[in-house]
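Asker: prediction below, plus the sequence it came from.
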Amino acid sequence: MNSKYNYEFNKENCPYKDVCSLVSDENHCNSSCLRFMEIDYLLYMSRLPKSKMKALTLVPEVEDLDSFKRLKEIKDNIVEFVESGSSLYLFSMNTGNGKTSWAIKLLLKYFDEVWCGNGFKPRGLFINVPNFLRMVTENVTNPNDDFIELKRLIADVDLVIWDDIGATKLSDYDHKNLLSFIDQRILGEKSNIYTGNLPGDCLPDALGQRLASRVFNESSIIELLGQDRRGMML
């Protein structure tokens with residue numbers, strides 16, 4: 001296990017508490033539950049915000065029915081998607097209509113499929129791209145072990161969510177760094193899920209031609225058309 005990870009059993013935080021038959025049995029729902037330990041570790045190492053560690057129920061608007069069906073097909077076959085090194089660019093020119101929630105749902109489904117026999121190995125990461133690029137810059141003058149560990153994980157894990165890619169126009173420095181991380185994963189046949197607000201023809205202006213090509217041309221493309229429903233039950 002990662003040396004910074006401190007295991008603490010709390011069945012109220014278990015993502016399976018609503019479906020597990022052992023929760024009501026104090027003799028069996030306890031700190032020795034391997035399922036809880038593995039999932040807890042995968043979630044911790046993924047760097048998902050705590051508020052995002054449970055999959056939301058997402059209900060499509062009429063215009064997104066076909067896109068939701070395609071996303072469900074990926075979710076139902078997520079192990080095959082990841083093992084084949086496939087990538088997805090999930091975008092919408094509208095905000096707050098489920099892009100990030102869907103990406104997280106896919107990541108959590110993958111964890112659910114691979115926890116058994118995982119042996120406490122990190123398998124996926126959630127990276128907010130603007131925050132990540134800020135970390136890259138800060139690490140130049142203030143290097144730290146946490147960032148070194150993150151770079152290692154980016155190279156090694158099966159699946160990375162690159163959330164909010166293209167949110168701001170990249171500087172040459174940002175472009176060079178982000179391209180190197182994503183290129184490394186593509187060359188290693190690692191799976192990626194990108195979320196963003198830009199259609200394909202606008203990506204080169206934000207990301208540069210080479211990186212835009214990696215993100216758009218080497219991924220399945222799904223667009224969501226629904227309106228902003230932040231704060232509403234999806």
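Answerer: The structure has been received and is ready for your questions. On a predicted model such as this, the values are computed, not experimentally measured, just so you know.

Asker: partner residues bridging the closest residue to G124 other than its chain neighbours?
Answerer: Leaving out its chain neighbours, the residue that sits closest to G124 by CB to CB, 6 or more residues apart in numbering is L159, at 4.3 Å. For every residue, glycine as well, the C-beta is placed using N, CA and C. Beta-bridge partners for L159, by DSSP bridges, are G124, S191.

Asker: what stretches of this protein score poorly on pLDDT?
Answerer: For the chain, the stretches with pLDDT under 70 are 1-3, 24, 26-27, 229-234.

Asker: the helices in it, which residues?
Answerer: Assigned by DSSP state H, the chain shows helices spanning 34-46, 65-76, 78-83, 99-114, 129-141, 145-156, 172-187, 203-207, 209-212.

Asker: how close does the residue positioned nearest the centre of the chain sit to N144?
Answerer: Among the residues of the chain, the one closest to the centroid is I161, at 3.1 Å (CA atoms, centre = their mean). Separation of I161 from N144 (CB to CB, to the nearest Å): 22 Å.

Asker: likewise Y41?
Answerer: Y41 is 22 Å from N144, by CB to CB.

Asker: more neighbours, the two?
Answerer: Ranked by neighbour count (other CB atoms under 10 Å), Y41 and N144 place Y41 first, with 22 against 11.

Asker: isn't that one right up against F120?
Answerer: Yes - using CB atoms under 8 Å, Y41 is in contact with F120, at 5.2 Å.

Asker: nearest residue to K99 in space, please, no chain neighbours.
Answerer: Nearest residue to K99 in three dimensions, chain neighbours excluded: T195, at 4.3 Å (CB to CB, 6+ apart).

Asker: what residues are up against the one you found?
Answerer: Residues counted as contacts of T195 (CB atoms under 8 Å, 6 or more residues apart in numbering) are Y89, L90, F91, K99, T100, A103, I161, W162, D163, D164, I165.

Asker: stretch 112-121 spans what distance, first to last residue?
Answerer: The straight-line separation of the ends of stretch 112-121 (CA to CA, to the nearest Å) is 14 Å.

Asker: contact partners for the nearest residue to L179 once chain neighbours are set aside?
Answerer: Excluding the flanking residues, the one nearest L179 by CB to CB, 6+ apart is L211, at 4.7 Å. For L211, the contact set (CB under 8 Å, 6+ apart) comprises L170, H175, L178, L179, I182.

Asker: out of those, who's the most crowded?
Answerer: For those, the largest number of neighbours (other CB under 10 Å) sits with I182, at 24 neighbours.

Asker: wait, isn't the residue nearest to G124 in contact with L107?
Answerer: Yes - L159 is within contact range of L107, at 6.2 Å (criterion: CB under 8 Å).

Asker: between these two, what contacts are shared?
Answerer: By CB under 8 Å, 6+ apart, the residues touching both L159 and L107 are G124, I193.

Asker: in CSV: the helices of the chain, plus distance to L56.
Answerer: Shown next, in CSV, are the helices of the chain (distance: least, CB to CB, whole Å):
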stretch, distance to L56
helix 34-46, 15
helix 65-76, 13
helix 78-83, 17
helix 99-114, 5
helix 129-141, 21
helix 145-156, 25
helix 172-187, 26
helix 203-207, 27
helix 209-212, 29
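
Asker: of all these, which lies closest to E223?
Answerer: Between E223 and these, the tightest spacing by CB to CB is seen for helix 65-76, at 6.5 Å.
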